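Colleague: take a look and give me a structure for this.
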Amino acid sequence: MNRSYAFAPPAATLRQRAGRVLAPVALLLALATSAYAQDGSFRHEVLMRGQILEADAGALVVCVGEADGAQVGQVLDVVRHKRIARGPKAAGPRFRREPVGQVRITELFDTHYAQAQVVTGKPKVNDTVELIR
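Modeller: Numbering: from 1, shown residues only. Predicted structure coming up:
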């Protein structure tokens, strides 16, 4: 017994319709994101970012150097990443940024490392240093 239903098109027809609809949508998304990337209105505000590797009586070794564009005299902000206590199923970020202070680059001794001194705050090993535009 062969039944034909007027309200249910064959599966192949549904796939063809979906393909006709999804292809232009995918193309529009691709064009929109590429145009936005070339726009230039979006810029990353952090010019340089590294980490404090060593801290000894106010003298610091930071993981930013000539290769990152570091220069003697630059003042970098210091940020500490703190874990947020929350429930296991809670949504959202698990860390927050906590401003700690500032450091000044006093010497570049490698393409990737520099000596710095504390300007303000109490930076510790593993804190992040960054130069913001």
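
Colleague: how's this protein carved up into domains?
Modeller: In the assignment given by automatic domain parsing, the structural domains of the chain cover 9-41, 46-132.

Colleague: which of those domains comes out lowest on mean pLDDT?
Modeller: Note on these: domain 9-41 shows the lowest mean pLDDT, a mean of 59.

Colleague: all the helices of the protein, residue numbers only.
Modeller: Assigned by DSSP state H, the chain shows helices spanning 11-39.

Colleague: the lengthiest strand in the chain - contacts with which helices or strands?
Modeller: In the chain, taking DSSP state E as the definition, the longest strand is strand 95-108. Applying 3 or more Cβ pairs under 8 Å, 6 or more residues apart in numbering; DSSP states H and E, we find strand 95-108 packed against strand 59-62, strand 75-83, strand 114-121. The C-beta positions use only the backbone N, C-alpha and C, and glycine is treated the same way.

Colleague: what packs against the last one?
Modeller: What it means is strand 114-121. strand 59-62, strand 75-83, strand 95-108.

Colleague: export that strand to CSV, keeping only CA atoms.
Modeller: Output in CSV follows, covering the C-alpha atoms of strand 114-121 (Å, rounded to 0.1, in the frame of the first residue of the first chain):
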residue,chain,number,x,y,z
ALA,A,114,63.7,43.3,31.2
GLN,A,115,64.7,44.5,34.6
ALA,A,116,62.0,46.7,36.3
GLN,A,117,61.5,48.6,39.5
VAL,A,118,58.3,49.0,41.5
VAL,A,119,56.6,52.4,41.0
THR,A,120,53.4,51.8,43.0
GLY,A,121,51.8,48.8,44.7
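
Colleague: circling back to that earlier point, for the longest strand of the chain, list every residue counted as buried.
Modeller: Val100, Gly101, Gln102, Val103, Arg104, Ile105, Leu108 (16 or more other Cβ atoms under 10 Å).

Colleague: as TSV, those with distance to Val79 would be great.
Modeller: Formatted as TSV, these follow (distance: Cβ to Cβ, whole Å):
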residue	distance to Val79
Val100	6
Gly101	9
Gln102	10
Val103	11
Arg104	16
Ile105	16
Leu108	22
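
Colleague: what's the most buried one of the domains of the chain?
Modeller: Highest mean neighbour count among the domains of the chain (mean count of other Cβ atoms under 10 Å): domain 46-132, with a mean of 15.
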